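Chemist: just coords:
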């Protein structure tokens, strides 16, 4: 590292990326970041900052820390291999997210249909017997609440 290369403290990176210093130490414990030490202080390089950016991007799209580490570790070996591995993982993640989106869309449709059915039921006037039963239930519930206090 040259003397003119920009370095960062743990606080600076935590603030910039809106993460906690504890998160940065966690990534260090997992071997994802390896800042140099100046006494007890961690000193992060521009490369560490770039790695943190990749870590957070990977987490945001749902990659596991193991997958992120595999991509980062390939940088030391071959940048092209790193790009190929990242591309493969990103494409697989898109497939998984699209499947989740289909599941979410289906769940929303099911809930929307259920809401429409329930609103239809509730829009009809209640039978007198049902009103009496509801009032009795409400009175009993109110009584139990008052006894509890």
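Modeler: Thanks, I have it. Computed from a predicted structure; not experimentally measured.
Chemist: Of all residues in this structure, which one is nearest the centre?
Modeler: Here the mean C-alpha position of the chain is nearest to the C-alpha of residue 60 (C-alpha atoms, centre = their mean), at a distance of 6.1 Å.
Chemist: check which helix or strand covers residue 5.
Modeler: Using DSSP states H and E, no element contains residue 5; it sits outside every helix and strand.
Chemist: ok, now which ones touch the residue of the chain most remote from its centre?
Modeler: Within the chain, the residue lying farthest from the chain centre (C-alpha atoms, centre = their mean) is residue 128, at 49.6 Å. When contacts are counted by C-beta atoms under 8 Å, 6 or more residues apart in numbering, residue 128 touches no other residue. C-beta: built from backbone N, CA, C; applies to glycine.
Chemist: Next one, pLDDT for it please.
Modeler: You'll see residue 128 listed with a pLDDT of 78.
Chemist: and if you look at the one 4 residues further on?
Modeler: Model confidence at residue 132, expressed as pLDDT, equals 82.
Chemist: What distance do you get for it to residue 81?
Modeler: Residue 132 sits 75 Å away from residue 81, going by C-beta to C-beta, to the nearest Å.
Chemist: and if you look at residue 139?
Modeler: Taking C-beta to C-beta, one finds residue 139 at 73 Å from residue 81.
Chemist: Also residue 7?
Modeler: Taking C-beta to C-beta as the measure, residue 7 and residue 81 are separated by 28 Å.
Chemist: Among these two, which residue is more densely surrounded?
Modeler: residue 7 (16 against 12; other C-beta atoms under 10 Å).
Chemist: any idea which helix or strand carries residue 44?
Modeler: According to DSSP H and E, residue 44 maps onto strand 41-45.
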